[in-house]
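prediction below, plus the sequence it came from.
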Amino acid sequence: MTATVGHGEQLWSRCDGCEALLYRKRLRRNLDVCPECGSHVRLGAPERLRQLVDPSSFAALPDRPDDVDPIGFVDVLPYPHRLVAARAGTGLPEAVVCGTATIGGHPVALAVMDFRFLGGSLGCVVGELITRTAERALNDGVPLVLVTASGGARMQEGALSLMQMATVSQAVAALREAGLLTVSVLTDPTYGGVAASFATNTDVVLAESGARMGFAGPRVIRQVTGRDLPEGFQTAEFLLRHGQVDMVVQRRSLRARLLVLLAAARSARADRRAADRRLVCRPEAVQLMPRQPAAVSAGHSRVGLTALSGPATSDGPDGRVGGDGPPGRLSDVPDGRAAASRSDGVRGDGVQADGVQGDGVRTDGAQAVAVQVDGVRAGARDPWDTVRTARHPGRPTTLDYLDTAFDGFVELHGDRLGADCPAVVGGLARLGDRYVMVIGHQKGHNTAELVARNFGMASPAGHRKALRLMRLAARLGLPVVTLVDTPGADPGVRAEEQGQAAAIAENILTLSSLPVPVVAVVTGEGGSGGALALAVADRVLMLQHAVYSVISPEGCAAILWPDSSAAPLAARALRLTAPDLCALGIADDVVAEPEPAAHGDPEAAGELLRRAVLANLTPLLDVPPATLVRRRRQRFRRYGAARTGGAGATVGVVR
Ligand SMILES: [Zn+2]
C-alpha cells in the first residue's frame, strides 16, 4: 500500500512497503506497483479495469438496481448515510463495477470489486450485479472473470447479505454446468463471505501478488485463539503453499495470464462444437439417447453427451461437455432416483439470463406449523434474550434430535481427505417411514463436550464431510435434512491453512445443484457462512428461539459501535430472530418450542421438530429433481432481485 503525501493532485506518494517517496505518475506507469520494492498498491475498480481489459472494450451492464435498506439498519449512523458517504468518496454507485469487455480479443463478462466502497462489502445490490454479470456470461456463452476485494458480507443488510453468497454461487454453478470458464482474481484483501463463496468456488483462482485472503480476518483469529499469527499468514504465497490458489501473479503479468486461460477455454469450446457436429451426423449416437434425441439433433448436446459418459457426480467435469444450447431438461424423467444420479440435466436447468419468473417455493405443506408464527410475534421478546436462549447449554443438540426426532441413526464419519471433524455429525436415519441423510452441527451441554466438539464450529474437514454426505445422498436419491447450530465456522489458524473459505464455498455451490430435497432447520445459532454452508435448502425452518445472522451481535458491535458492550443493540439492529427471518423471506416457517424453550423439554422439542420437518419435506418428495433445483435457485435468486427492483418475485416485508 502506498500512502499519499501532500495534497491536491497527489504528486507524490510514500510506499508503505519501503517508505520510498515516489513520483505519482511514475508509480501509475508502473501499474501502481512500487518500482523500488515491488509492493502492490490497492487499485480501485476503474483503474483495475483500465489495466486488465482491451482499450474501449468495456461496456457497463445497462441497469443499476435501486438502493436497499432492507432491515432499516442503524448503528451510530443510519445505513443510507454510509452509502451516501461511500459514493461521495469513490465516485462509484456501489462496491462493484460490472460489464462486458474483451481481454486480448477474448470476450468476457467481468465484475470488479472496489474495496474503497464500504470495504467492498457484499450487499444485496452487489450480489445482484455480480449475479447479473454471471447470467450475462451464460447468455453470451463467454467466460466470467471476478476480481475480488472485500471484507465480507455487508452486515448493515443483515442475513439478506449472507444470502448473496448463495445467489452468486448458484450463478457460478450454472456457468460450471454450461462448460463456461469462471476465474476469480483475488486482490488485497478478500475475506469473509466473498472469500467463502464466489472468490473460491470458481474454476481457476489467481491471487495477485500481495493479496491476502481468508475466511476469518487476522484480528478475529488473534482474538479467538489468543495466538500470534505465523509469518506471512493468509498472504498469496501462504495460499499457494496450502493449495488454495492456482498461482500467484504479479500485477504486470495478470492480463497475460488471464489471456492464456481465456484462449485455452475458447479453443476447447471450439473443439467441442466441432465434436458435437460430428456426433449429430452419427445415427448410432442418437440411438444411445432415446430420451433426448431432440436435444442432440438440435445441437444441444449437454444431456446426450453426458449420458454417454456415464453417471455424473455433482461437480464432476461432465458438466463441461456442453454445447452452446439452452439448458437441458430433466423434468420429464419419471424416476426421481434415476434422475438423482444424473445431476447433469438437473444442473443444466439453471438460472436463466432473463431473470426469474419464480412461483416462489412455498409449498404450504406445513400450515399447522406456520400458524405458530403469529403466536411467536405476539410474544415478542428482546432479540438479545433470544440470542441467549439460542445459546443455552441445555438446548438440544443435533445428536439429541437424532435421538428424539429420528430413528435408527447410523453415523458416517470422515472427509476421506485426512480428518473427521467432531463439530459436524451426519449419517443415515429414518424420519417417519423413510430414510434421510441428516447432517448437523454438534455442540454439547457442558464444557468438556463443547471443547470436544469445538463449540459446534466446523473445520474445513467438517464442511468436506458434509459435502461428501450431500453427494452420497444425491447418488442414493435420499432427501437431506440439515440441523444448523453453530456460532460460525472455525476461525482458527489451521482452518485457514486447510482452506476454510473454499470448503464453505464448495458446499454452498453444491447445495445449489443438489438434485434431492433439502430441508434445513436452524435449531440454535445460525452463525454466518458456517450456517449457510448447510442451509442452501428448499425449505428453511427456524426454531422459535433460534437466531440466524450474518455476524454475531458481539462481532457487529465491535465493528460498528464504540465498544462490544453494545451487543444487545446490535442484536436488535441485525433482525436475527425467527419472525424477522420469516418476514425477510429467508425462513419459511417457525417451529414452535415447548415452554419456556426447547431446553425445558427436549423430548417435546424433538417431536415438534419431527412433525415440522415431515410436513415440509413430504410435499418436496414428488417434485421432479430438475424442478426442485430450479425452484431452489429461484428462491435464492429472489434475495437480490426482489430487493433491488429486478426481475424476481417480491417477498417479505421491508421495514
Ligand atoms: Zn516500495
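That came through fine. Numbers count the residues shown, from 1 in each chain.

ok so Ala149 is a strand residue?
Yes - under DSSP: H, G, I helix; E, B strand; the rest coil, Ala149 falls within a strand.

skipping its backbone neighbours, what lies nearest it in space?
Spatial nearest neighbour of Ala149, chain neighbours left out: Phe115 (4.0 Å); criterion: CB to CB, 6 or more residues apart in numbering. C-betas here are computed from N, CA, C, even on glycine.

what residues are up against that neighbour?
Counting by CB atoms under 8 Å, 6 or more residues apart in numbering, Phe115 makes contact with Arg42, Ala95, Ala149, Ser150, Gly151, Thr187, Asp188, Pro189.

Three-state assignment for it, please.
Classified using three-state DSSP, Phe115 is coil.

Val410 - how many residues pack around it?
9 (other CB atoms under 10 Å).

ok now the helix or strand harbouring it, how far from the chain's centre?
Applying DSSP states H and E as the criterion places Val410 in strand 407-411. Centroid displacement of strand 407-411 relative to its chain, using CA atoms, centre = their mean, to the nearest Å, is 30 Å.

enumerate the positions of that strand that are buried.
Phe409 (16 or more other CB atoms under 10 Å).

leaving out sequence neighbours, find the closest residue to Glu157.
Gly123 (4.7 Å).

the one you found contacts Ser161, correct?
Yes - counting by CB atoms under 8 Å, Ser161 is a contact partner of Gly123 at 5.2 Å.

look up how far the ion lies from the residue nearest to Glu157.
Distance from Gly123 to the ion, counting by CB to the ion, to the nearest Å: 34 Å.

pull the number of nearby residues for that residue.
30.

and the strands in the stretch 51-200 of the chain?
Taking DSSP state E, counting those that start in this stretch as the test, the strands found in the stretch 51-200 of the chain are 59-60, 96-103, 106-113, 144-150, 182-191.

wait, the stretch 501-650 of the chain
So, for the stretch 501-650 of the chain - with DSSP E, counting those that start in this stretch - the strands run 518-527, 539-543, 547-549, 589-591.

now the first one: mean pLDDT?
In this model, strand 518-527 has a mean pLDDT of 98.

what does the protein put close to the ion?
Cys15, Gly17, Cys18, Ala20, Cys34, Glu36, Cys37, Ser39 (CB under 5 Å from the ion).

pipe the strands of the stretch 501-650 of the chain into JSON lines and attach mean neighbour count per row.
Below are the strands of the stretch 501-650 of the chain laid out as JSON lines (neighbours: other CB atoms under 10 Å):
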{"stretch": "strand 518-527", "mean neighbour count": "29"}
{"stretch": "strand 539-543", "mean neighbour count": "28"}
{"stretch": "strand 547-549", "mean neighbour count": "30"}
{"stretch": "strand 589-591", "mean neighbour count": "27"}
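
what stretches of the stretch 151-300 of the chain score poorly on pLDDT?
280-300 (pLDDT under 70).

which of the strands of the stretch 51-200 of the chain sits most buried?
strand 144-150 (a mean of 28; mean count of other CB atoms under 10 Å).

in its sheet, what does that strand sit against?
strand 106-113 (parallel), strand 182-191 (parallel) (DSSP bridges).

now the ones you listed as TSV including distance to Arg29?
Below are the strands paired with strand 144-150 laid out as TSV (distance: least, CB to CB, whole Å):
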stretch	distance to Arg29
strand 106-113	21
strand 182-191	20
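
so which of the ones you listed is nearest Ala390?
strand 182-191 (25.4 Å; CB to CB).

any idea how far the closest one is from the chain center?
Counting by CA atoms, centre = their mean, strand 182-191 comes out at 14 Å from the chain centroid.

residues touching the residue nearest to Gly529 when sequence neighbours are not counted, list them.
Counting by CB to CB, 6+ apart, the nearest residue to Gly529 once its immediate chain neighbours are dropped is Ala196, at 4.4 Å. Going by CB under 8 Å, 6+ apart, Ala196 touches Met165, Phe215, Ala489, Gln500, Ala501, Ala502, Ile504, Ala505, Ile508, Gly529, Ala533.

10 Å - rerun?
Neighbouring residues of Ala196 by CB atoms under 10 Å, 6 or more residues apart in numbering: 152-153, 165, 169, 214-216, 463, 489, 500-508, 528-530, 532-533.

and Leu31, which of the three is it?
coil.

excluding its backbone neighbours, what's nearest it?
Nearest non-adjacent residue to Leu31, counting by CB to CB, 6+ apart: Arg251, 4.9 Å away.

look up how far the ion lies from that neighbour.
Taking CB to the ion, one finds Arg251 at 14 Å from the ion.

how many residues are close by that residue?
Neighbours around Arg251, by other CB under 10 Å: 21.

what about dumping the CA coordinates of stretch 103-123 to PDB?
Extracted C-alpha coordinates of stretch 103-123, given in PDB (Å, rounded to 0.1, in the frame of the first residue of the first chain):
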ATOM      1  CA  ILE A 103      -9.100  -9.200 -22.900                       C
ATOM      2  CA  GLY A 104      -6.700  -9.800 -25.800                       C
ATOM      3  CA  GLY A 105      -9.700 -10.000 -28.100                       C
ATOM      4  CA  HIS A 106     -11.400 -12.700 -26.000                       C
ATOM      5  CA  PRO A 107     -14.900 -11.600 -24.900                       C
ATOM      6  CA  VAL A 108     -15.600 -11.900 -21.100                       C
ATOM      7  CA  ALA A 109     -18.200 -10.700 -18.600                       C
ATOM      8  CA  LEU A 110     -16.500  -9.300 -15.600                       C
ATOM      9  CA  ALA A 111     -17.200  -7.900 -12.200                       C
ATOM     10  CA  VAL A 112     -14.500  -5.900 -10.400                       C
ATOM     11  CA  MET A 113     -15.000  -5.100  -6.700                       C
ATOM     12  CA  ASP A 114     -13.800  -1.900  -5.100                       C
ATOM     13  CA  PHE A 115     -12.600  -2.100  -1.500                       C
ATOM     14  CA  ARG A 116     -12.900   1.700  -1.000                       C
ATOM     15  CA  PHE A 117     -16.700   1.400  -1.100                       C
ATOM     16  CA  LEU A 118     -17.700   0.200   2.400                       C
ATOM     17  CA  GLY A 119     -14.900  -2.300   2.400                       C
ATOM     18  CA  GLY A 120     -16.100  -3.900  -0.800                       C
ATOM     19  CA  SER A 121     -18.800  -5.500   1.200                       C
ATOM     20  CA  LEU A 122     -21.300  -7.900  -0.400                       C
ATOM     21  CA  GLY A 123     -24.800  -6.400   0.000                       C
END
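
make 189 the starting number, not 1.
Sure, I'll start numbering at 189, so the last one becomes stretch 291-311.

now that stretch, how far from the centre of its chain.
Averaging C-alpha positions (CA atoms, centre = their mean) puts stretch 291-311 17 Å from its chain's average.

give me the residue at the spatial middle of the chain.
Nearest to the geometric centre of the chain sits Met353, at 3.0 Å (CA atoms, centre = their mean).

out of everything not next to it in sequence, what's closest to that residue?
Ser385 (3.8 Å).

in the contacts of Phe303, find the pair that's most separated.
Ala283 and Asp376 (15.1 Å).

in the chain, which helix is the longest?
helix 439-468 (DSSP state H).

and the angle for it with strand 370-379?
Per axes from the mean of the first three to the mean of the last three CA atoms, to 10 degrees, the angle that helix 439-468 makes with strand 370-379 is 150 degrees.

can you give me the neighbour number for Val264?
Residues lying near Val264 (other CB under 10 Å) number 9.

what does the one 4 residues further on give?
In terms of burial, Pro268 registers 15 neighbours under the definition other CB under 10 Å.
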